[in-house]
Each structure stands twice: as structure tokens, then as C-alpha cells.
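> Predicted structure and sequence below. I'll ask about it afterward.
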Amino acid sequence: MGGVVNTNQKQMKKTKVFLLILMSLVLMVAIFLYIKRDKFAYVGSVDYIEVDCLKKAEILSQVYKSDQRIRRENNLIKHAKEDHRNQELVISIIEKCGMPTLQEVNQEQMNAIWLGLQHTVSKYRIKYFPLIEKAVKNGDLSKEQYALMKDRILMDEGKPQIYGSQIENGKLYDLAEPETVNERRREMGLEPIEDYLKRFDITWEAK
């Protein structure tokens, strides 16, 4: 009987030692991540910052060039701070200076507004989407840009997308009424979905 008790006590000690080691490792990792937090993709909330409205065209040109370079290099962790800054600049321009139009900025600079919102967190896409809709109606942004952001917002909300632009985990994200998707895409100036998905090595057939 005593042998069983001793065995149980030894097992409990081993369990305690294991848990202590595990907790120590978790704590060390947590400390490391906190110290190195600026080196990871998440760099904090998107906040309003000071911008000079008289220089908004220049700022948006810089945002556009930065955004495209970051996407070409395909290393968002490396450029997380820069990408985050771009989003803050775009949102701050909208808040302080109002939504730009093609009477104030050129098309590339207008596209920078769309890129900043498309690449930021969902709450800002949802908040400013009515401004995107208005810009599309006014001809300041394209129907294609509308379609891509609309699908992204639907995906954020856990709803089926409409135009088939969003890919998740290497697969086409849930699509509403797939049998007529190409009609909707054509209305938005988008290529057939089969051609679009080839870029991602995804084979697709409407069910």
C-alpha cells in the first residue's frame, strides 16, 4: 500500500514540475512577444493622426506608392508599421479633410484612399463604405473597387460574398448564388471568375 502512495506522490511531483516548467515557458514567450511587439504584424489600433489638408494629394501619393511596394514585396510583417501608418493617414484625411474627389486629387491618389480602407480593420471598412459607394457613383472610384470592398465586408461579417473576389485559406470564400456570379462580375467590370481563380490555382465550377 505504501508503495502505491509513494508512486502517486512521485507522479504528482512530476506533474507539478511539468506544469511549473510549462508556465515558465509561457511566461517567457509572453515577455518576449511583448518586448518584440513592434516587429510583428499587429502594431496597435488604428488612430486618428495630424494631417495637413493642404498636402493631402502629396500624402496620398506617398501612401499609394508605399502600399504597392509593400504588396509587391509580400512581407507584411516587415512592413507592418508602414502599412499601419498608411491606414492612419487615409482615415485621418477623411476625418479631417473630408472624402477627396477627382476634382481635388488624381486617380492614383484617389485609389490610395480605397487601398487604405481595403487593407485596414473591418470596422473602418464598414464605417466608410458609404463614402466609397458615393465615390463610385460619382466616378471617382471604379465599380471593381466597390465589388472588392463589398465582398470583403461581407466576409468580415461572416456572410456569403456576392462577386467572388475573396479567397480564404486557399479556397474561394462562400459565394451567394454562384450560378449567376459571372453576370454580377461582368456588371462590375470584372473578368470571369474561372479566369480570376486561375491566378490562385483554384479550379471552380458553378454547382
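Done, it's in. Residues are numbered from 1 along each chain as shown.
> confidence score at the residue sitting nearest the centre point of the chain?
In the chain, the residue lying closest to the centroid (Cα atoms, centre = their mean) is residue 119, at 4.2 Å. Residue 119 carries a pLDDT value of 92.
> Number the residues from 19 up from this point.
New numbering, starting at 19: the last item is residue 137.
> right, and it touches residue 101 too?
Yes - with contact defined as Cβ atoms under 8 Å, residue 137 and residue 101 form a contacting pair (6.6 Å). For the C-beta atoms, the positions are set from N, CA and C on the backbone; glycine is no exception.
> So for the two, which residues contact both of them?
Common contact partners of residue 137 and residue 101 (Cβ atoms under 8 Å, 6 or more residues apart in numbering): residue 85.
> State the distance from residue 72 to residue 126.
19 Å (Cβ to Cβ, to the nearest Å).
> Kindly report the same for residue 107.
Taken as Cβ to Cβ, the span from residue 107 to residue 126 is 15 Å.
> What of residue 147?
21 Å.
> same deal with residue 154?
As judged by Cβ to Cβ, residue 154 and residue 126 stand 17 Å apart.
> what about those two, which has more around it?
residue 154 (19 against 14; other Cβ atoms under 10 Å).
> In a strand, the more buried one, correct?
No - in this structure, residue 154 is helix, not part of a strand, as judged by DSSP: H, G, I helix; E, B strand; the rest coil.
> what's the following helix or strand after the helix or strand hosting residue 111?
Following DSSP states H and E, one finds residue 111 within helix 98-115. Downstream of helix 98-115, the next assigned helix or strand under DSSP H and E is helix 125-136.
> now that following helix against helix 98-115, angle please.
110 degrees (axes from the mean of the first three to the mean of the last three Cα atoms, to 10 degrees).
> Identify the residues contacting helix 125-136?
Contacts of helix 125-136 (Cβ under 8 Å, 6+ apart): 74-75, 78-79, 81-82, 85, 104-105, 107-109, 111-112, 117-120, 142-143, 146-147, 150, 153, 158-159, 163, 166-167, 170.
> Please check those and keep the buried ones.
Among the contacts of helix 125-136, the ones that count as buried by 16 or more other Cβ atoms under 10 Å are 74-75, 78, 81-82, 85, 104-105, 107-109, 111-112, 117-118, 142-143, 146-147, 150, 153, 158-159, 163, 166-167, 170.
> Return the list of helices and strands in contact with the helix holding residue 111.
Packed against helix 98-115 by the contact rule (3 or more Cβ pairs under 8 Å, 6 or more residues apart in numbering; DSSP states H and E) you find helix 74-91, helix 125-136, helix 140-155.
> low-scoring stretches of this structure, by residue?
For the chain, the stretches with pLDDT under 70 are 19-25, 47-62, 225.
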